[in-house]
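J.: what follows is a predicted structure for the sequence shown.
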Amino acid sequence: MARVVCVHGIGQQHTGERELHRSWHPALADGLIRAGAAATLGADDVRCVFYGDLFRPPGRTLALGDPPLEASDVAEGLETELLLQWWAEAARTDTTVLPPDARTLARTPQAVQRALNALSRSRFFAGVALRSMVLDLKQVRGYLCDPALRDAVQQRVADAVTERTRVVVGHSLGSVVAYEALCAHPGWPVRSLLTVGSPLGIRNLVFDRLRAGAAGSPGDWPGAVEHWTNLADEGDVVALVKDLRPLFGERVVCQVVHNGARAHDATRYLNTAEAGRAVDAGARR
């Protein structure tokens with residue numbers, strides 16, 4: 001019966017709901033303190049929806065970790081396009097990353113390899129194995145393009161939200177999941193939506209593929225939400241579009257925060273005063 005329901009993003013297939021709760025709950029509580037909020041959050045007030053296992057391969061692969069993927073495993077279409085956009089954004093925010101040039105427009109296998117090589121040397125993807133980057137791309141495509149997988153993820157969010165839930169928090173791909181869930185359930189009592197490190201504003205690849213309820217369309221306001229705050233770090237490559245207002249309307253409060261070297265880290269977002277104010281706006285009701 002949580003007041004705050006949290007939805008994780010990509011790359012969490014080897015964690016779990018309790019492990020996420022151990023890091024997300026303290027970060028949210030610290031954010032409330034930074035904001036000087038009157039509201040407090042006990043452990044039972046926060047629930048982390050977990051769907052990462054839906055991306056985890058069964059069988060022997062579980063014991064071996066991520067499958068050995070390489071550049072040739074990056075599929076044409078959404079995966080390649082998103083990878084190239086990550087590369088361009090990393091080059092814009094990180095002087096150590098060589099930018100893509102006109103030859104990249106051909107979307108060749110060589111361009112994919114160059115993009116992966118460039119990103120592996122960036123501050124944002126420092127320490128991230130090539131196979132993990134490829135898996136992240138496949139998780140985004142899997143959610144957006146596989147209706148059965150999408151429905152399974154959405155059902156887990158629906159199972160977590162109760163009449164007591166007032167705030168939904170979505171990180172990374174979880175912000176897409178959260179937005180779609182709220183659009184599909186306008187009767188939910190959720191009053192505040194907090195999206196952090198969100199790819200919601202990426203046209204064609206993400207935004208135009210959003211499901212906004214039976215009669216809705218991408219860009220519609222999410223359900224009965226009264227307050228929507230979107231936080232992005234300038235160096236967060238996943239949050240390519242920092243300002244969501246041109247697509248979702250002026251009611252979205254869009255703010256840039258500074259997460260240091262871990263620009264996309266969920267807890268770095270959640271322990272900010274900006275996140276605390278967003279949670280407080282819904283949790284105190």
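T.: Looks like it arrived, so ask away. Numbering: from 1, shown residues only.
J.: quick one: contacts for the closest residue to residue 266 other than its chain neighbours?
T.: Residue nearest to residue 266 in three dimensions, not counting chain neighbours: residue 171, with 4.3 Å by C-beta to C-beta, 6 or more residues apart in numbering. From N, CA and C alone the C-beta is placed, and that goes for glycine too. Listed by C-beta atoms under 8 Å, 6 or more residues apart in numbering, the contact set of residue 171 reads 6-9, 195-198, 266, 269.
J.: do residue 283 as well
T.: The contact partners of residue 283, by C-beta under 8 Å, 6+ apart, come to 3-4, 32, 39, 41, 45, 166-167, 192.
J.: what's the closest of the residues you listed to residue 246?
T.: residue 192 (21.8 Å; C-beta to C-beta).
J.: gap between the closest one and residue 237?
T.: 26 Å (C-beta to C-beta, to the nearest Å).
J.: in strands only, show me the contacts of residue 171.
T.: Counted as lying in strands by DSSP state E, out of the contacts of residue 171, are 6-7, 195-196.
J.: of those residues, which is the nearest to residue 219?
T.: Using C-beta to C-beta, residue 195 is the member of the ones in strands among the contacts of residue 171 that lies nearest residue 219, at 14.2 Å.
J.: mind checking how far the spatially closest residue to the closest one that is not a sequence neighbour is from residue 264?
T.: Distance criterion C-beta to C-beta, 6+ apart; nearest residue to residue 195, sequence neighbours excluded, is residue 175 at 3.8 Å. From residue 175 across to residue 264, the span is 12 Å (C-beta to C-beta).
J.: same check, this time on residue 138
T.: 18 Å.
J.: mind showing which ranges of the stretch 1-150 of the chain have poor pLDDT?
T.: The stretch 1-150 of the chain contains residues with pLDDT under 70 at 58-69, 102-109, 126-131.
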